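Q: need coordinates for the below:
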Amino acid sequence: MAGVKIACLAVLCMVVVVAPYAEAVTCGQVQGSLAQCLGYLRKGGPVPVPCCNGIRAINSAAKTPADRKQTCVCLQQAYKSIAGVNLPNAASLPGKCGVNVPYKISPSTDCSKVH
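A: Numbers count the residues shown, from 1 in each chain. Model (predicted):
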């Protein structure tokens, strides 16, 4: 029984030490969520439900200012790597999914100013 308590304490200590350094939002997550949105981003039309689910998940994961800045940077990287994105469609996507993003979705957004 004492061994189990020591093991649990060790795991808890590792979580407390590692957790502050864990990145909450990654560009892989952002790009993975955008994959369901490609048709809309390029051609418009109805926004697929899986796309909105991904947008909501990323928005929920971006809890801190650092997370939001990272998400902004990832979105700008996605702009550069995905051909044919219609910028008005990209800018309108959060609103169409019922998500409030605290910055303009645009390649010209200064991510260093995102809070």
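
Q: and what about Pro46, helix, strand or coil?
A: coil (DSSP: H, G, I helix; E, B strand; the rest coil).

Q: count of neighbours near it?
A: Neighbourhood size, Pro46 [other Cβ atoms under 10 Å]: 9. Using the backbone N, CA and C atoms, a C-beta is placed for each residue, glycine as well.

Q: ditto for Arg68
A: Arg68: 19 neighbours (other Cβ under 10 Å).

Q: with only the CA atoms kept, save the helix or strand that contains it in PDB.
A: Taking DSSP states H and E as the definition, Arg68 sits inside helix 65-81. Only the C-alpha atoms of helix 65-81 are listed here, as PDB (Å, rounded to 0.1, in the frame of the first residue of the first chain):
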ATOM      1  CA  PRO A  65      -3.000  34.800 -24.200                       C
ATOM      2  CA  ALA A  66       0.000  32.600 -25.200                       C
ATOM      3  CA  ASP A  67      -2.300  29.900 -26.600                       C
ATOM      4  CA  ARG A  68      -4.200  32.500 -28.600                       C
ATOM      5  CA  LYS A  69      -1.000  34.000 -30.000                       C
ATOM      6  CA  GLN A  70       0.200  30.500 -30.900                       C
ATOM      7  CA  THR A  71      -3.100  29.800 -32.600                       C
ATOM      8  CA  CYS A  72      -2.800  33.100 -34.600                       C
ATOM      9  CA  VAL A  73       0.700  32.100 -35.700                       C
ATOM     10  CA  CYS A  74      -0.500  28.700 -36.700                       C
ATOM     11  CA  LEU A  75      -3.400  30.200 -38.800                       C
ATOM     12  CA  GLN A  76      -0.900  32.400 -40.600                       C
ATOM     13  CA  GLN A  77       1.300  29.400 -41.300                       C
ATOM     14  CA  ALA A  78      -1.800  27.600 -42.700                       C
ATOM     15  CA  TYR A  79      -2.600  30.600 -45.000                       C
ATOM     16  CA  LYS A  80       0.900  30.200 -46.500                       C
ATOM     17  CA  SER A  81       0.800  26.500 -46.900                       C
END
